[in-house]
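Novice: quick check, what structure comes out for this input:
(2 chains)
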Amino acid sequence: MTTSSLSLRLAGWLAAACLALAVVLPAQAADAGTPAGQQAARQLTQPGNNAPVWREVRQDQAHFTNNPGNEAGVLIQSGGNTWRQLRNGPVTLYGGALVIVVALSILLFYKIKGPLTNHDPLTGKLIQRFPPYERVIHWITAGSFLVLALTGLAILFGKHVLMPVIGHTLFGYLMVLGKNVHNFVGPLFFVSTLAMIGVWARDNVWQNIDALWIRKAGGLLTGEHVPSGRFNFGEKTWFWIGVTILGLTVSISGLVMDFPNFGWTRGNMQTANIVHAVAAIVMLLLSFGHIYMGTIGVHGAYASMKTGYVDETWAREHHEQWYEDVKAGKSGHPQG
Amino acid sequence: MARMKFLCDAERCIECNGCVTACKNEHELPWGVNRRRVVTINDGVPGEKSISVSCMHCSDAPCMAVCPTDCFYKTEEGVVLHNKDACIGCGYCFFACPFGAPQFPGGNSAFGLRGKMDKCTFCAGGPEDNGTKAEFDKYGRNRLSEGKLPACAEMCATKALLAGDAPVVSDIFRERVLRRGSTGDAAWGWTTAYGKPEQPAAKEEAK
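Specialist: Presented below is the predicted three-dimensional model:
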């Protein structure tokens, strides 16, 4: 086969392909069902009436553009306004109100009821409640949570609360730091939350004794001593709803916003932001309760997580079943 | 006081991307940042329309509303500008903006390291003193302070993109619409409302 006959044959195929395209493409374009088809049809009957185009640009679709950016082909995105209304509206207003109301209620509760104290005198004999690895996991999670909560609150409420006090410039510089701290500490919180779920899930499963705790509302109002396992039902609620469900929801929605390199759309980010803000605020409200009970609310609770050890009296009065198990030397409660 | 606005005439835009290039060149924009872009709707189909879009300098700007550090401000001419020193690169303006105007030189980096937000300034610079190097380095040329209009609109070959004081811009567009209307060309909605008396056959088809 000579070169010329090859090029002749190639030219023939090319012409055939062009003809085929010429037949197929306008047929597609003229499909009156598509917006493009509607516009093409409208130009025949009413030249200059671009209503189909203007309708099309409000449908959040990508069109042709030479700009290589993500979603650059979308001329107008409508989701942004919905996100703005939700974030600047109910999330900021009700979120802020709830944070203040819950914090004040706990303070009021403390003023009225005071802390839960031991009924009997301390024995001076200590038993181990949290081995070192549990305390390390707890404090990494707790520390990163506090950092994230403070910086997160500053991102949502800072310009209403902090900026009028410390001024625009200082607030701006602090927020550059705050935003980056938030973005880098976030993944650490995710990892330590996973570790926490791993080490404590077993002791947080339902036990029959929890029904008694629910019936007596934990003795929170009466000051009565209600027996429980290693963790009581209140702690279990915080563990499953606060740490597990909300912790993971906040983490995953946060990771979506923290890693835009995976090519998320603005719509994904808007959804993630609302989910993140709502879950974080609810988690913060629950954490107020947990932090209160773990510090000023219950004598001896803070020391247990600080040193890992509790007095036998404390163990018997707050977690009687667990105390019995430890005394009986049951497996799963090693005494180091 | 003037109220600065952009207007892109879809009947005139030929998708040459001259505005994009003029803008990028005028402000010496960083790699990957285009403050303006041209989008073609129904590309390759009869009746395709191209529109050049950037920051529209909204009256009730969503970027201003959602910014956690309130780094945006509006000039007396209605131009929406921002202070890069206060910008934390959170991307919220980019989530909120309907037009996709805010750009980030860091783009989509891990840990949300986007860099300072960059957007169209209507060629009006930033909070620094007019015409200073600091202003140019952060925001680009301040043409408005020199009595010039934005480079994109000045450069537009077909004068599809208009920029300037709102009454002037709308007068130009109104005149175009009236002229086109007389030839049945592009007064949006006119044929829908009043039909096309010179082509009764086409009107029948439309029914």
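Novice: please count neighbours and contacts with C-alpha atoms only from this point.
Specialist: Will do.
Novice: buried set for stretch B:26-33?
Specialist: B:26, B:27, B:29, B:33 (16 or more other CA atoms under 10 Å in any protein chain shown).
Novice: residue A:77 - nearest residue in space that isn't next to it in sequence?
Specialist: residue B:98 (4.7 Å; CA to CA, 6 or more residues apart in numbering or on different chains).
Novice: so the one you found lies in a strand, does it not?
Specialist: No: checked against DSSP: H, G, I helix; E, B strand; the rest coil, residue B:98 lies outside a strand; its state is coil.
Novice: which secondary structure element is home to the most centrally placed residue in chain A?
Specialist: Centroid-nearest residue in chain A: residue A:250, 0.8 Å away (criterion: CA atoms, centre = their mean). Element membership of residue A:250, judged by DSSP states H and E, is helix A:247-258.
Novice: same check on residue A:183?
Specialist: Under the criterion of DSSP H and E, residue A:183 resides in helix A:168-200.
Novice: run the angle between that helix and helix A:247-258 for me.
Specialist: Here the directions of helix A:168-200 and helix A:247-258 differ by 140 degrees (axes from the mean of the first three to the mean of the last three CA atoms, to 10 degrees).
Novice: whether helix A:168-200 contacts chain B - can you check?
Specialist: Yes: contact of helix A:168-200 with chain B (CA under 8 Å from any CA of the partner chain) involves A:168, A:169, A:171, A:172, A:173, A:175, A:176, A:179, A:180, A:183, A:184.
Novice: max-length helix in chain B?
Specialist: Longest helix in chain B, counting residues (DSSP state H): helix B:166-182.
Novice: quick one on the thing from earlier: wait, does the helix holding residue A:250 contact chain B?
Specialist: Yes: if you take CA under 8 Å from any CA as the test, helix A:247-258 does meet chain B, through A:257, A:258.
Novice: mind listing what's buried in the helix or strand immediately after that helix in the chain?
Specialist: Stepping forward along the backbone from helix A:247-258, the first helix or strand reached (DSSP H and E) is helix A:266-292. For helix A:266-292, a neighbour-count test (16+ other CA under 10 Å) marks A:266-270, A:272-287, A:289-290, A:292 as buried.
Novice: same check on stretch A:180-192?
Specialist: Quick answer for stretch A:180-192 (16+ other CA under 10 Å): A:180, A:181, A:182, A:183, A:184, A:185, A:186, A:187, A:188, A:189, A:190, A:192.
Novice: swap in stretch B:82-97?
Specialist: Applying 16+ other CA under 10 Å to stretch B:82-97 flags B:82-84, B:86-97 as buried.
Novice: those residues in helices, which ones?
Specialist: B:92, B:93, B:94, B:95, B:96.
Novice: export the residues you listed as TSV, with columns for pLDDT and distance to residue B:50.
Specialist: Shown next, in TSV, are those (pLDDT from 0 to 100; distance: CA to CA, whole Å):
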residue	pLDDT	distance to residue B:50
B:92	96	28
B:93	96	25
B:94	95	23
B:95	96	24
B:96	96	23
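Novice: you'd agree residue A:78 is up against residue B:99?
Specialist: No: with contacts counted by CA atoms under 8 Å, residue A:78 stays clear of residue B:99, the gap being 9.2 Å.
Novice: list the contacts of residue A:129.
Specialist: Listed by CA atoms under 8 Å, 6 or more residues apart in numbering or on different chains, the contact set of residue A:129 reads A:304, A:308, A:309, A:310.
Novice: which one of those residues has the most neighbours?
Specialist: Using other CA atoms under 10 Å in any protein chain shown as the neighbour test, these are led by residue A:310, with 22 neighbours.
Novice: tell me which helix or strand that residue sits in.
Specialist: strand A:309-311.
Novice: who are the packing partners of the helix or strand just after that strand?
Specialist: Going down the chain from strand A:309-311, the next helix or strand is helix A:312-318, by DSSP H and E. Secondary-structure packing of helix A:312-318 (3 or more CA pairs under 8 Å, 6 or more residues apart in numbering or on different chains; DSSP states H and E): helix A:320-327.
Novice: okay, the buried residues of stretch A:180-192 in a markdown table with distance to residue B:10 and pLDDT next?
Specialist: A markdown table is the format used below for those (distance: CA to CA, whole Å; pLDDT from 0 to 100):
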| residue | distance to residue B:10 | pLDDT |
| --- | --- | --- |
| A:180 | 42 | 96 |
| A:181 | 45 | 97 |
| A:182 | 44 | 97 |
| A:183 | 42 | 97 |
| A:184 | 45 | 97 |
| A:185 | 47 | 98 |
| A:186 | 45 | 97 |
| A:187 | 46 | 98 |
| A:188 | 50 | 98 |
| A:189 | 50 | 98 |
| A:190 | 49 | 98 |
| A:192 | 54 | 97 |
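Novice: okay then, goodbye and thanks.
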